[in-house]
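S.K.: I would like to see how this sequence folds:
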Amino acid sequence: MRAQSRIFVIVFCIAIGAHAATLQERIDSAAPGETIRVEGGVHAGAIVINKPLTLLGDAGAEIRGGGVGKVVTIAADDVTVSGLRVTGSGLNLSEDDAAVFVTGNRATIENNTIANSLHGIYLKKISGARILANRIEGKTTIAASTDPVEKGIGQSAENCDTTLVANRRGNGIHQWSCENNLIRGNDISETRDGIYFSFTNNSRVENNSVHQTRYGLHYMYSDGNVFENNTFRENAAGAAIMFSKELIVRGNHFVSNRGHRAYGLIVQSTDRSRFEANELEHNAVGLSFNQCNGNQVIGNRVRNNYIGLKFGSNSDDNHFTENVFARNLHPVETGGLDGSGDKWAVKGIGNFWDGAAPLDLNQDGIGDLPHRELDLFGILRRDFPAIAFLSDSPAVKLLHFANERATIPGASSIEDPSPLTSQFWRLRGQRLMRNAASNEQ
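M.R.: As a prediction, this is how the structure comes out:
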C-alpha cells in the first residue's frame, strides 16, 4: 500500500506540474510591479488586473473574451497593457461592455489591436491614462438570430441576420468623468463614435485618425481639453463639440464627412475656446456655429464644402480672423443674423472670401472696403435642394453685386470690414523677412 501511495503522489505531482497556468492565474500570483509576457496564441478572457502590473504581448498574442461582459478589466493604478490583440466583449451598452475597461489611474494602453467588441477602450472616473498607438475596429456584425428583429440587439432590419446597426455599436475610446488623460496616435474605425468625451477635463487628444464612424469626435460637458493634429474623415460628422468651454482645437483635418446633413465640425453652446489652423474640406457643411460665445476662430481653411459656414443668430462675441472661405458651393448659411457682437476682423485683419473683389490701394493684402457675404436662401437650400440651382442665377448674382455696394434691407449677410486678398500671406511674409533682416543689422 505504501508503494501504491508513493506512486499516486508522484503521478499527482506530475499532473500538477504539467498544468499550464492560465493568464488570470499568472496575474493573480504575480508580485506588484511585475511584467508578465503573454505568449503568442489565444488566451481566454475575461481577465481582471487588480494590482500594478505590465502585460506585454509577444507576436500573435490575443486575449479573447467569450462574447459576454468585459474582456480586460483594469481595476488597479499603474497598469500597462501593450502589444496584445483583445477581442470578444459582450454587446450590452447598459453594462458598458468593452474590450478594455479601466477604473484604475495612470493606465497605459499602448500598441494594441482591439476588434470584435462593443466599446474599444472605456475609461471611467480615472486620471492620468495614456492611450497610445492602438488600432480599434468596431464590431459591425453579429451572429444570425432566430428571434424576431424587434427582439434582437441592434440588428438591422435590412440585413437582420448579420449587421449591427451603428447606434447600437460602442465607441472607440469612451471617457466618462475623467481628468488629465492623453490619447495619441490611435487609428479608430467602424465604431459608433470614434472618441467620446463626457464630463472629462484637461486632457489631450492628438495625432489620431478616426474614419467611418458616426461622429469622429463626440464631445460634451468637458472643459479645458486640447485637440491637435487629428484627422476625422469619411464619418457621418467629423466632430460635434457641445456644452463646453476653454478648449483648444488646432491643426485638425475634418475631411470628406458627407451625407444629406453631415458636418465637418459642429460647435454648439461652446464658449471661450480657440479654433485655429484647422482644415475643413469636402464636407456637406464645413463649420457650424450655434449658441457660442467668446470664441477665437483663427486661420482655418474652409474649402470645397457644399456649405462653408453655417452660423446661428444666437451667438455673440466670436472673433474671426485670417480664415479662408474658398470654393464652397454656398459660402455661408446664416439663419438670419442680428448684427450682434461677433467680429469678422481682429486688429484690422479680416478673412479671405473667394467671392470678394476687394480694393487694395496700398497693397497690404487687406481690402479697403468691407465685404458682405449674402445668404438669400438659408436652410431652404437643404430642405428643398432644387433651390440650390438658383444660387448661380443672374438674378442672384445681381443681388450679390448690389449687396457689396449697399446693404439690402432684410437680407441676411456677414460683413467683413477688412477682407483679405489672396496676396495677404505672401505680403506679410515679406514684411516679416524685411523686419528680421533690419533687426539683425
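
S.K.: make it CA atoms for all contacts and neighbour counts henceforth
M.R.: Will do.

S.K.: C178 and K125 touch, don't they?
M.R.: Yes: if you go by Cα atoms under 8 Å, C178 and K125 touch, sitting 4.8 Å apart.

S.K.: These two: who's more crowded?
M.R.: Set side by side, C178 and K125 show more neighbours around C178, with 23 against 15, by other Cα atoms under 10 Å.

S.K.: Distance-wise, check that one relative to V71.
M.R.: 21 Å (Cα to Cα, to the nearest Å).

S.K.: What backbone torsions are found at I298?
M.R.: With angles defined as degrees, to the nearest 10, I298 sits at phi -130, psi 130.

S.K.: domain assignment for this structure?
M.R.: With automatic domain parsing as the criterion, the domains of the chain are listed as 25-190, 214-441.

S.K.: rank those domains by mean pLDDT and give me the bottom one.
M.R.: Lowest mean pLDDT of those: domain 214-441, a mean of 85.

S.K.: Could you give the separation of that one from the chain centroid?
M.R.: Domain 214-441 has its C-alpha centroid displaced from the chain centroid by 20 Å (Cα atoms, centre = their mean, to the nearest Å).

S.K.: The stretch 1-150 of the chain: strands as residue ranges?
M.R.: Shown for the stretch 1-150 of the chain, the strands assigned by DSSP state E, counting those that start in this stretch span residues 35-38, 41-44, 47-49, 54-57, 61-64, 72-74, 80-82, 85-87, 98-102, 108-110, 113-115, 119-124, 130-132, 135-137.

S.K.: would TSV of the ones you listed with mean neighbour count and distance to L309 be doable?
M.R.: Shown next, in TSV, are these (neighbours: other Cα atoms under 10 Å; distance: least, Cα to Cα, whole Å):
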stretch	mean neighbour count	distance to L309
strand 35-38	18	51
strand 41-44	16	50
strand 47-49	20	48
strand 54-57	21	47
strand 61-64	22	46
strand 72-74	23	43
strand 80-82	21	42
strand 85-87	26	41
strand 98-102	28	37
strand 108-110	21	38
strand 113-115	24	36
strand 119-124	27	33
strand 130-132	21	33
strand 135-137	24	32
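
S.K.: Pipe those strands into CSV and attach distance to N323 per row.
M.R.: Below are those laid out as CSV (distance: least, Cα to Cα, whole Å):
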stretch, distance to N323
strand 35-38, 50
strand 41-44, 52
strand 47-49, 49
strand 54-57, 46
strand 61-64, 47
strand 72-74, 44
strand 80-82, 41
strand 85-87, 43
strand 98-102, 40
strand 108-110, 36
strand 113-115, 38
strand 119-124, 36
strand 130-132, 32
strand 135-137, 33
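
S.K.: Quick check: which of those is nearest to Q363?
M.R.: strand 130-132 (47.9 Å; Cα to Cα).

S.K.: Throw the domains of the chain into TSV and include distance to N202, thanks.
M.R.: Shown next, in TSV, are the domains of the chain (distance: least, Cα to Cα, whole Å):
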stretch	distance to N202
domain 25-190	5
domain 214-441	5
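
S.K.: Give the helix, strand or coil label for the residue minimising distance to the centre of the chain.
M.R.: Computing the C-alpha centroid of the chain and ranking residues by Cα atoms, centre = their mean puts L217 first, at 2.5 Å. Following DSSP: H, G, I helix; E, B strand; the rest coil, the label given to L217 is strand.

S.K.: Please name the nearest non-neighbouring residue to it.
M.R.: A239 (4.4 Å; Cα to Cα, 6 or more residues apart in numbering).

S.K.: so the one you found touches L265, yeah?
M.R.: Yes: if you go by Cα under 8 Å, A239 and L265 touch, sitting 4.9 Å apart.
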